[in-house]
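A.B. asks: The following comprises the amino acid sequence and a computationally predicted model.
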Amino acid sequence: QVQLVESGGGLVQAGDSLRLSCVDSGRTFSTYYMGWFRQPPGKAREFVAGYRWRRGSSDYADSVKGRFTISRDNSKNTVYLQMDSLKPEDTAVYFCAAASAGTGTYGYWGQGTQVTVSS
């Protein structure tokens, strides 16, 4: 069973950095593909970083390339999203997601953590 809990969100100023964490309380974390998504106010949820099946590798949204970095520590059942040079348009609820091998889609979601970037 996958249970994802995000943390690390908050209110920051433009140009600041934040690191989001997502811990999985399950026992098979290392077997899952992981990703980060976000939902800006009044908009649909969008991909930020993580595994993309059509690419066959990790990828980033164009809007965050060069500023955000996804990483994982399987010994801690944790995936991270390091966010640097934050912009007001990065304001959103950020969700981590997990996908079982072979499914081709993210099927498990955390509850989200709010990131607000002031100008």
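C.D. replies: Thanks, I have the structure now. These numbers come from a predicted model, not from an experiment.
A.B. asks: For the spatially most central residue of the chain, give the beta-bridge partners.
C.D. replies: Taking Cα atoms, centre = their mean as the criterion, residue 36 is the residue nearest the geometric centre of the chain, at 2.2 Å. In this structure, residue 36 bridges to residue 49, residue 96 when assessed by DSSP bridges.
A.B. asks: Can you get me the start-to-end distance on stretch 69-85?
C.D. replies: Criterion Cα to Cα, to the nearest Å; first-to-last residue distance in stretch 69-85 is 12 Å.
A.B. asks: could we number from 211 for the rest of this?
C.D. replies: Shifting the count to begin at 211 puts that one at stretch 279-295.
A.B. asks: Run through who's touching that stretch.
C.D. replies: 225, 227-236, 239-240, 244-246, 258-260, 268, 270, 274, 277-278, 300, 304, 306, 325 (Cβ atoms under 8 Å, 6 or more residues apart in numbering). Bear in mind the C-beta positions are built from the backbone N, C-alpha and C, glycine included.
A.B. asks: what ranges do the strands span in the protein?
C.D. replies: 214-217, 220-223, 228-234, 243-249, 256-262, 267-270, 278-283, 288-293, 302-309, 318-319, 323-328 (DSSP state E).
A.B. asks: would JSON lines of those strands with mean pLDDT be doable?
C.D. replies: Listed next are those as JSON lines, based on pLDDT from 0 to 100:
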{"stretch": "strand 214-217", "mean pLDDT": "96"}
{"stretch": "strand 220-223", "mean pLDDT": "98"}
{"stretch": "strand 228-234", "mean pLDDT": "97"}
{"stretch": "strand 243-249", "mean pLDDT": "97"}
{"stretch": "strand 256-262", "mean pLDDT": "96"}
{"stretch": "strand 267-270", "mean pLDDT": "94"}
{"stretch": "strand 278-283", "mean pLDDT": "97"}
{"stretch": "strand 288-293", "mean pLDDT": "98"}
{"stretch": "strand 302-309", "mean pLDDT": "97"}
{"stretch": "strand 318-319", "mean pLDDT": "96"}
{"stretch": "strand 323-328", "mean pLDDT": "98"}
